[in-house]
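[1] Kindly return the folded structure for what I paste below:
(2 chains)
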There are 2 protein chains.
Amino acid sequence: MATSSGKKNAFYAQSGGVTAVINASACGVIETARKHKDKIGKVYAGRNGIIGALTEDLIDTSKEPKSAIAALRHTPSGAFGSCRYKLKSLEQNQREYERLIEVFEAHNIGYFFYNGGGDSADTCLKVSQLSKSMGYPIQAIHVPKTVDNDLPVTDNCPGFGSVAKYIAVSTREASFDVASMAKTSTKVFILEVMGRHAGWIAAAGAMASSEDCEIPVVVLFPEVTFNRRKFMQTVKQKVKQFGYVSIVVSEGVKSRDGKFLADQGLKDAFGHAQLGGVAPVVANMIREDLGLKYHWAVADYLQRAARHIASKTDVDQAYAMGKAAVELAMKGKNSVMPTVVRTSNNPYRWKVGEARLSRVANVEKMMPKSFISKDGFGITKKCRDYLGPLMKGEDYPPYGKDGLPKYVRLKNAPVKRKLGDFKV
Amino acid sequence: MATSSGKKNAFYAQSGGVTAVINASACGVIETARKHKDKIGKVYAGRNGIIGALTEDLIDTSKEPKSAIAALRHTPSGAFGSCRYKLKSLEQNQREYERLIEVFEAHNIGYFFYNGGGDSADTCLKVSQLSKSMGYPIQAIHVPKTVDNDLPVTDNCPGFGSVAKYIAVSTREASFDVASMAKTSTKVFILEVMGRHAGWIAAAGAMASSEDCEIPVVVLFPEVTFNRRKFMQTVKQKVKQFGYVSIVVSEGVKSRDGKFLADQGLKDAFGHAQLGGVAPVVANMIREDLGLKYHWAVADYLQRAARHIASKTDVDQAYAMGKAAVELAMKGKNSVMPTVVRTSNNPYRWKVGEARLSRVANVEKMMPKSFISKDGFGITKKCRDYLGPLMKGEDYPPYGKDGLPKYVRLKNAPVKRKLGDFKV
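    Model (predicted):
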C-alpha cells in the first residue's frame, strides 16, 4: 500500500449536513495524524468538502495552532465547510476521478478521510477503488457522521446522540411549560423534528418521558403512515388523562396517499404555493378536529447545531471515530469505516469496530419495528435501552464573558495551487 | 398593617406565560417565608394562578420538603400552574373581590405575592387596594416576571435574560451551521422568536455576533415597519459579503398596513384559513425575491422553557426578586414590586430596588430608539451593553443517568376547603 513508500499527506473533508460534533471527528483525525509524523505529512482539508479536492481548494491545517484544533472538539458545524455533492460512477464521469488523482498527486496525498453519511460513504468507496481502477495508490477511510442515525453496521452514528439529547431535553422543557398553562390556555404542544426517512430523532422525543417523570408524548414517525382519526383519538385521550399533550412529529411523516403531510398545497392570498413545515399542518388539524389551543415549534438547524447541550457519549464517539480512522490508515487499511460497537447496555460500554465500505455505502438503517410501540405513537423499552446511553452525559463548551459559547473559527489558510482551474 | 396582628399565612401565585426561571422566584418566596416563621405561617400557592384563589384551590407548600423547594430554582415552567386571567375592576365585578376576601379570611391570608407581568401587576394592584376598598387587611407584593422584558421601572425582568441567552446561543450555533453549508446549499437561516409588541427578544439574536465572532444577523423588530425592498437589499448584500445570512424575526413584525406579517391569509387545498408563523412567510418572500435556498425555525415554547441554558444573572435575579418580595412584606409594605436596579455596566452590578405598583401596572416598556441601529435591522452598542450582562453566566440544572435534566415535580397537596364552590 501507499504507506510503505515514505511520508504522504492526508486529505480530510466534511460532507453533507453538518452536526454538533462533526468537528470533534475532525479534531480526532488531525490530532491523531499529528502523532504520526513519521508516516503522515500534513493534513489538508477540503474547503467545502469534496469540492475542495476537485477545485484544488485545500486548507493547510498545519497552520492552525494546537489550541485551535483542540477547540474543534467543542465547536459545532463544519469548520472547513461542507457540501452536498455526490461523485458519479467512474463510467459516468471519469474526468472527475482523473482530476482527483491530479490533485492528490500534485499534493502528495496518500490518505483520504471522508466524514459523512451514506452518500458520502459511497463517494469514499469510489475513491478507495482508485488504486485498482486507475492505478493511484490511496487509502480511503470513511468517518461516520449523520444526525439521522441511518448508517448500517455501526451501532449508532456520531451526531445523532446530541440531536437526540436536544430533542428529549427540549420536549421535556416545553412539556413542563404547556402543563403549567393547560388549565386556561395551551393544551397541545407540537414539535417538528428532522428525519425525512428514519424516525430516530422523533423517537428521541419520547425519551422526554421517563419512569420518574411521566409526560404524555405522542410521536409521529415517518415509518408509520399517518392515520388522522387514530391520531386524534390518542391526542384527545392524553389531554383527558393528563390535561395536556406533547406531539413530536418527524418532517417525513406521510399520509396514506404517500405524500408528505407537510405538503398540503398551501396557497397565499395571491394563489402562490407556500412551503410550510409539518408542525403547522398538524396544528391546524388539531384546531379543526378538536378545537384545542396549541403551540408549535420547528427546531430545524437548532437541533443539529446545538453543541451547547451535546451528549458526552456523542462527543467522545465522534472524536474516537476520527482517531480510529487515522489508526486504521496506519495499519494499512483501505475502503473501511470505523464503527461504534456496543458491548453492553447496562452499564453502557462500547468499543471501536470496523466495517467494509461496500457494506455501508447507500444503505439506510430504519427504526426496527421492535422499537416502535404497538399503537405506532411511541417507543418500546428496547428502544429506550438503545437510545438512553447515546444521550448520556453533558460536555459543555467554554463560555465567554458575554454569556456566549466560545466556538473556534480556524484561519483556514489555503494551500498554494499547482494546477489549473476545474469546473464542478 | 396586617403583620402587626399576629401570624398570617401567605398566598403565592404564578400568572401569565411561564418562564425558565419563574420557579426560581417561587423558590425565593418560599425559602424566605420559611425564615420568617414568627410572622408568616404557611405559604399557600394558588393552583393555576389567581384561579386557585377564586376557586379555593390552594396548595400547601409546607408539605414540600426543603430539597423539593430548593429544586424549584433549577426547574422551568410554573410548578403550581399558571393562568391567563385578569381581574376586572371592582366596579365591574365586585363578586370576585368579595370571593377573594372570603378565601383569604377562611385561610388567614395576610400576604399576597403575585408573580407575573404587566397584566398581573394590575391584578396585584387591585388586590393591594382591598384594605382600603373593602376593609380587608392585606399586603400585596408583585414579583416581576416576563420573557418579553416589557415591565417599566425595573432595569430588566426575570425570565428575559434566559430567553435572550437561548436565542443568542441558538442563532450563533445555527449561523455556524449555515456558514458551513452555504457554498452548495442553504444560504439563509430564519429564526422566529417571541415578542408580539416589544423587540427585546429579537434584539438578543443580534448578540450572536460579537467582536471576536462576527456573524451577519438581520433582525426584524416589531418596532420597525417591515419594508420588503429594503429588507431584501440587506439580505442580498449580507449574502454577497459573507456567503450567508441569519435572520431573526419577531412574531410581532407588521407590514405597512398594520397587519402582522404572519397573517398572510394562507389557505389550504380546501380553502380553509391556515395560521402559520412569520418565519415561513419571510422564507417564502426570500424564495420569491432572491431565489436563495433557506431553512427556517420557530423556537416558540422552547425558548422560554430552556432552563438547560438559562442565564446565571437571570436565575440569581429571579430568586432575588422572590426573596425581596417577602422582605418588603416583612417591612410592612403593600402595593409594591421589587425591581432590578443596574448600578454599573462594566463590571455589571445590580441591586434590589422597589417600585409602586401604580407605576408598573398596564405600562409596556418598548425598545428605546437608541437601541435599534439606524438601518432598523440591528442593535446599537448601547443595546449590547444593556443586553450582555443579562445573558451572562451559566447555571446548569443537574442531569440524571438518562442524560435528561432532573426537574422537580411537587406533590402540590391541596389545602382542605372551607367554602362552597365558585364559578370563574
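[2] and the helix or strand containing A:His295, what other elements does it pack with?
    Using DSSP states H and E, A:His295 sits within strand A:294-298. Here strand A:294-298 touches strand A:188-193, helix A:278-290, strand B:294-298, helix B:301-305, going by 3 or more C-beta pairs under 8 Å, 6 or more residues apart in numbering or on different chains; DSSP states H and E. (Glycine included, C-beta is placed from N, CA and C.)
[3] rerun that using 6 Å as the cut-off
    strand A:188-193, helix A:278-290, strand B:294-298 (3 or more C-beta pairs under 6 Å, 6 or more residues apart in numbering or on different chains; DSSP states H and E).
[4] Out of the ones you listed, which gets nearest to A:Ile101?
    strand B:294-298 (35.4 Å; C-beta to C-beta).
[5] now the angle between strand B:188-193 and the closest one, please.
    Counting by axes from the mean of the first three to the mean of the last three C-alpha atoms, to 10 degrees, strand B:294-298 lies at 10 degrees to strand B:188-193.
[6] Need the contact partners of strand B:294-298.
    Contact with strand B:294-298 is made by A:297-298, A:300-302, B:186, B:188-192, B:277, B:279-280, B:283, B:286, as judged by C-beta atoms under 6 Å, 6 or more residues apart in numbering or on different chains.
[7] Same check on stretch A:20-31?
    Residues from elsewhere that reach stretch A:20-31, judged by C-beta under 6 Å, 6+ apart: A:12, A:14, A:43, A:61, A:69, A:72-73, A:75-76, A:78-79, A:113, A:115, A:143, A:145, A:158-159, A:162, A:306-307, A:310, A:314-315, A:318-319, A:321-323, A:326.
[8] tell me the pLDDT at A:Pro280?
    Here, the pLDDT recorded for A:Pro280 equals 91.
[9] What segments of chain A are strands?
    All strands of chain A, identified by DSSP state E, fall at A:8-14, A:40-46, A:58-60, A:109-116, A:139-144, A:188-193, A:217-220, A:245-250, A:266-267, A:273-274, A:294-298, A:336-345, A:348-356.
[10] Look at the spatially closest residue to A:Ile69 that is not a sequence neighbour and say how many residues are nearby.
    Spatial nearest neighbour of A:Ile69, chain neighbours left out: A:Ile30 (5.1 Å); criterion: C-beta to C-beta, 6 or more residues apart in numbering or on different chains. The number of residues packed near A:Ile30 is 26, by other C-beta atoms under 10 Å in any protein chain shown.
[11] Give me the domain ranges for chain A.
    For chain A, the structural domains run A:2-146+A:309-363, A:160-305, going by automatic domain parsing.
[12] before we move on, back to that, and the residue nearest to A:Ile69, how far from A:Gly322?
    According to C-beta to C-beta, to the nearest Å, A:Ile30 stands 8 Å off from A:Gly322.
[13] ok, how many other residues are close to A:Arg409?
    Counted with other C-beta under 10 Å, the neighbours of A:Arg409 add up to 15.
[14] Give me the pLDDT for A:Met1.
    39.
[15] measure A:Phe112 to A:Tyr97 for me?
    12 Å.
[16] When these two are compared, which one has more neighbours?
    Legend: neighbour count by other C-beta under 10 Å for A:Phe112 and A:Tyr97, higher for A:Phe112 (26 against 20).
[17] Name whatever forms a beta bridge with the more buried one.
    A:Phe11, A:Ala140 (DSSP bridges).
[18] who's in contact with it?
    By C-beta under 6 Å, 6+ apart, A:Phe112 lies in contact with A:Phe11, A:Val127, A:Ile138, A:Ala140.
[19] run the last query once more with 10 Å
    Contact analysis of A:Phe112 by C-beta atoms under 10 Å, 6 or more residues apart in numbering or on different chains lists A:10-13, A:46, A:50, A:53, A:100, A:104, A:123-124, A:127-128, A:130, A:138-142, A:329, A:334.
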